[in-house]
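Undergrad: coords below, sequence missing:
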């Protein structure tokens, strides 16, 4: 799969690593060069992850990254409003189906709104609480 991840903080770097482990190649985009130090160097050296300095909120960056050819775009800058703005721009400028755009959103209400628009949403709290609830359920607590 051709995957772009915008925002290579703790979440973006972890997702990049996990997707590479599953056999995918990643274009990792961030405005801060230091963010790429969170990525495993062997994955960069072996061309599984391509670090790209750029602003995912920029029309020029969106066009130059050829996001139009992406199978999935994951946006996880750490700021809900910025993530949503980037998602909308990519959907319009690159003409990508909204269901191929996955947005990290912390705020429940904003998440529900963007989900109603057709975007895929994920939330760190849910991803942490779901396995814990499953463990508790399996122990009949």
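TA: The structure has been received and is ready for your questions. Only a predicted model underlies this, so the values are computations on that prediction, with no experimental measurement involved. Residues are numbered from 1 along each chain as shown.
Undergrad: OK, contacts around residue 69?
TA: Counting by CB atoms under 8 Å, 6 or more residues apart in numbering, residue 69 makes contact with residue 2. C-betas here are computed from N, CA, C, even on glycine.
Undergrad: distance of it from residue 27?
TA: Going from residue 69 to residue 27 by CB to CB, to the nearest Å gives 10 Å.
Undergrad: Common neighbours of those two, please.
TA: Counting by CB under 8 Å, 6+ apart, the residues touching both residue 69 and residue 27 are residue 2.
Undergrad: pLDDT weak spots in this protein?
TA: The chain contains residues with pLDDT under 70 at 125-133, 136, 139-141.
Undergrad: Spell out the residue ranges of the helices in it.
TA: In the chain, the helices defined using DSSP state H lie at 10-21, 41-45, 59-64, 80-93, 108-116, 124-138.
Undergrad: Tell me the buried residues in the fifth one?
TA: I take that to be helix 108-116. Under the neighbour-count criterion of 16 or more other CB atoms under 10 Å, helix 108-116 has 110-111, 114 buried.
Undergrad: go on, the third one?
TA: Applying a neighbour-count criterion of 16+ other CB under 10 Å, one finds 61-62 buried in helix 59-64.
Undergrad: Who are the packing partners of that helix?
TA: Applying 3 or more CB pairs under 8 Å, 6 or more residues apart in numbering; DSSP states H and E, we find helix 59-64 packed against helix 80-93.
Undergrad: In contact with residue 86, which residues?
TA: 6, 56-57, 75, 77.
Undergrad: go again using 7 Å as the cut-off
TA: By CB atoms under 7 Å, 6 or more residues apart in numbering, residue 86 lies in contact with 6, 56-57, 75.
Undergrad: Select, from the residues you listed, the two members most distant in space.
TA: 57 and 75 (9.7 Å; CB to CB).
Undergrad: More neighbours: which of the two?
TA: Using other CB atoms under 10 Å, the more surrounded residue of residue 57 and residue 75 is residue 75, with 25 against 17.
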